[in-house]
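Visitor: What would the 3D arrangement of this be:
(one chain, ligands or ions: 2)
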Amino acid sequence: METEARFFPGLEGVVAAETKISFLDTQQGKIIIQGYDLIELSKSKSYLDMIYLLLEERLPNINEKELVEEMLKGEYEIPDELLDVFCLLPNGTHPMDGLRTGISFLSGFDKRLDNRSLSANKSRAYKLLGKVPAIVANSYRLIEKKEPIRPLKELSYSANFFYMITGKKPSSLEEQIFDRSLVLYSEHEMPNSTFTARVISSTQSDLYGALTGAVASLKGNLHGGANEAVMELLLEAGTVDKFEELLIAKLYKKERIMGFGHRVYMNKIDPRALMMKESLKQLCDLQGDNRLYRMCEAGEELMKREKGLYPNLDYYAAPVYWMLGIPISLYTPIFFSARTVGLCAHVIEQHEHNRLFRPRVHYVGERRF
Ligand SMILES: CC(=O)SCCNC(=O)CCNC(=O)[C@H](O)C(C)(C)COP(=O)(O)OP(=O)(O)OC[C@H]1O[C@@H](n2cnc3c(N)ncnc32)[C@H](O)[C@@H]1OP(=O)(O)O
Ligand SMILES: O=C([O-])CC(=O)C(=O)O
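Guide: Ligands and ions are numbered 1, 2, ... in the order given. Sure thing, here's the model as predicted:
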């Protein structure tokens, strides 16, 4: 009889790829991106720097950064046919499904789809990064039967993204905080969505297909969908006391609390969450209303005390997006948009050093022979 390899449920602890892109160094408490500490990057670099770093494998100088921004601006518009498709989506379609449809639809406009060379893949990554804000904003708007919105090229990449999803130009603090959230979400080693994208690209399938699969993965509330669920929970409670009551009741019923826990840093705080917590404090202080901050802190304390669980990035990104006036159903699409660059980097790396993913199973069925 064939001997079976060991089975690790959920592939916990299994190393699935060799990569130069990123690594969660849990011993040092660092998220390493292309050799840099993500938290340090988020203090001094912008999302445009992250795009360059993840696609070109080094930080840009000022000229290179300007060139990339110009290139992205040249790709801001999406085809009219795609706007027509968004109009056909039934009312109530989740914007993540609109985004999934949008990315999938773009493949038909790529005349070099079979070309998986490094330069062809990089060029489609930049194109996609240029278009993602318009796909997110306009799929949302057209599903809601609102008029489409056009990009404002005089704004920075992040400010334009913010403008397209809120209809308002951000203040410089709002732009800085939104941009920081994109930096923090940009790349995170091998989460389910990245694994999905790499598995799909390992069949030599294309970037659009890999990212379409990744959107579906990220939508689930054990992954990116958690940020929307966190905000619903905070709103349902409304006060510190009710939030604590709600969390206790859910724990009693053995329900999972969204925004807490993480496969890799289960017993420690996600360092990215601390950065967003700081941004939440800034926004609350500015608006003279600390209710959300106090609720989040109380929830954090309660979960540490009751379950030994700590917040992940989604827990603090959600109230930050709320304070920035962003519609809740766009929180996960924003996470995906920020992650687009990390995903593209992984698809490129997979295509450059490919071996088909094809694991085995631990068979627990019968043998009827
Ligand atoms: C940016 C991101 O995408 S981060 C992830 C966002 N997702 C969430 O916030 C959803 C809530 N969190 C969770 O469901 C989990 O912590 C996950 C899915 C992120 C990681 O889960 P896993 O690594 O598979 O751990 P697993 O599900 O085995 O949990 C281990 C134990 O901790 C408990 N646990 C883990 N997270 C939570 C939580 N958020 N609330 C309550 N209990 C939890 C589980 O119930 C389980 O308890 P048990 O051993 O008594 O059954
Ligand atoms: O790493 C994970 O499993 C999930 C996560 O935090 C992310 O994708 O940012």
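
Visitor: quick one: the helices in the stretch 1-150 of the chain?
Guide: Along the stretch 1-150 of the chain, counting by DSSP state H, counting those that start in this stretch, helices occupy 38-44, 47-56, 62-73, 80-88, 95-106, 118-143.

Visitor: To G220, which of those helices lies closest?
Guide: helix 95-106 (9.6 Å; Cβ to Cβ). (Glycine included, C-beta is placed from N, CA and C.)

Visitor: which residues touch that closest one?
Guide: For helix 95-106, contacts defined as Cβ atoms under 8 Å, 6 or more residues apart in numbering pick out 78-79, 81-82, 85-86, 89, 128, 131-132, 135-136, 139-140, 142-143, 208-209, 211-212, 215-216, 218-219, 225, 329-330, 332-333, 336.

Visitor: Can you tell me which of those residues are buried?
Guide: 78, 82, 85-86, 89, 128, 131-132, 135-136, 139-140, 142-143, 208-209, 211-212, 215, 218-219, 225, 329-330, 332-333, 336 (16 or more other Cβ atoms under 10 Å).

Visitor: looking at it, K45 is touching L54, isn't it?
Guide: No: the pair K45 / L54 is not scored as a contact, 11.6 Å apart, by Cβ atoms under 8 Å.

Visitor: Those two - which one has more neighbours?
Guide: Shown here are K45 and L54; by other Cβ atoms under 10 Å, L54 has more neighbours (23 against 20).

Visitor: ok, now how distant is that one from Q34?
Guide: 7 Å (Cβ to Cβ, to the nearest Å).

Visitor: Would you mind naming what in the stretch 201-350 of the chain lies close to ligand 2?
Guide: 223, 262-264, 312-313 (Cβ under 6 Å from any ligand atom).

Visitor: Please list only the buried members of those residues.
Guide: Buried, going by 16+ other Cβ under 10 Å: 223, 262-264, 312-313, out of those.

Visitor: In a markdown table, list these along with pLDDT and secondary structure.
Guide: A markdown table is the format used below for these (pLDDT from 0 to 100; DSSP: H, G, I helix; E, B strand; the rest coil):
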| residue | pLDDT | secondary structure |
| --- | --- | --- |
| H223 | 97 | coil |
| H262 | 96 | coil |
| R263 | 96 | coil |
| V264 | 94 | coil |
| N312 | 97 | coil |
| L313 | 98 | helix |
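
Visitor: Just name the closest of those residues to T166, please.
Guide: L313 (20.8 Å).

Visitor: ok, that closest one - contacts?
Guide: 184-185, 270, 272-273, 276.

Visitor: Leaving out sequence neighbours, find the closest residue to F109.
Guide: P79 (6.2 Å; Cβ to Cβ, 6 or more residues apart in numbering).

Visitor: should've said I51
Guide: Going by Cβ to Cβ, 6+ apart, I51 has V341 as its nearest residue, at 5.0 Å.

Visitor: ok, that neighbour - how many residues close by?
Guide: So V341, with other Cβ under 10 Å, has 26 neighbours.

Visitor: Do I have it right that V240 meets C296?
Guide: No: V240 is not in contact with C296 according to Cβ under 8 Å; the separation is 9.6 Å.

Visitor: more neighbours, the two?
Guide: Ranked by neighbour count (other Cβ under 10 Å), V240 and C296 place C296 first, with 27 against 16.
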